[in-house]
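sequence-free structure coming up:
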């Protein structure tokens, strides 16, 4: 269950990062509220997952999901630049997440 909570916390991290971008510096109400609500949910789930997953593993995976998720959202929804170097960097992050998960078992 802790791994599911950690994964959902990572997804919420992606949502709040996207909503924060859409809030235009917290000047737009709805994206600002979405940012704050999903941020709190993300932290609460991360905290709950850390009850049974080591800090280093949980935090690394949470930030990795957020980083790669934000990268994908930026490309798909915001038209951000795609380059081979950025794709290799994302693959390396995902590889690190897989290794971190494997080392936690």
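Thanks, I have it. Since the structure is predicted, the reported quantities are computational estimates derived from the model, not experimental observations.

contacts and neighbour counts: CA atoms only from here.
Noted.

got a list of what the residue nearest the centre of the chain touches?
To find the centre residue of the chain, average its C-alpha atoms and take the closest one (Cα atoms, centre = their mean): that gives residue 66, at 1.7 Å. For residue 66, the contacting residues are 10, 11, 13, 14, by Cα atoms under 8 Å, 6 or more residues apart in numbering.

same thing but 10 Å
Under the criterion of Cα atoms under 10 Å, 6 or more residues apart in numbering, the contact list for residue 66 reads 7, 9, 10, 11, 12, 13, 14, 15, 16, 17, 60, 72.

of all these, which comes closest to residue 82?
Of all the contacts of residue 66, residue 82 sits closest to residue 72, with 9.7 Å by Cα to Cα.

Do I have it right that that closest one meets residue 80?
Yes: contact between residue 72 and residue 80 holds when scored by Cα atoms under 10 Å: they sit 9.1 Å apart.

more neighbours, these two?
A count of neighbours by other Cα atoms under 10 Å puts residue 72 above the other of residue 72 and residue 80, at 18 against 12.

Fine by me, thanks again.
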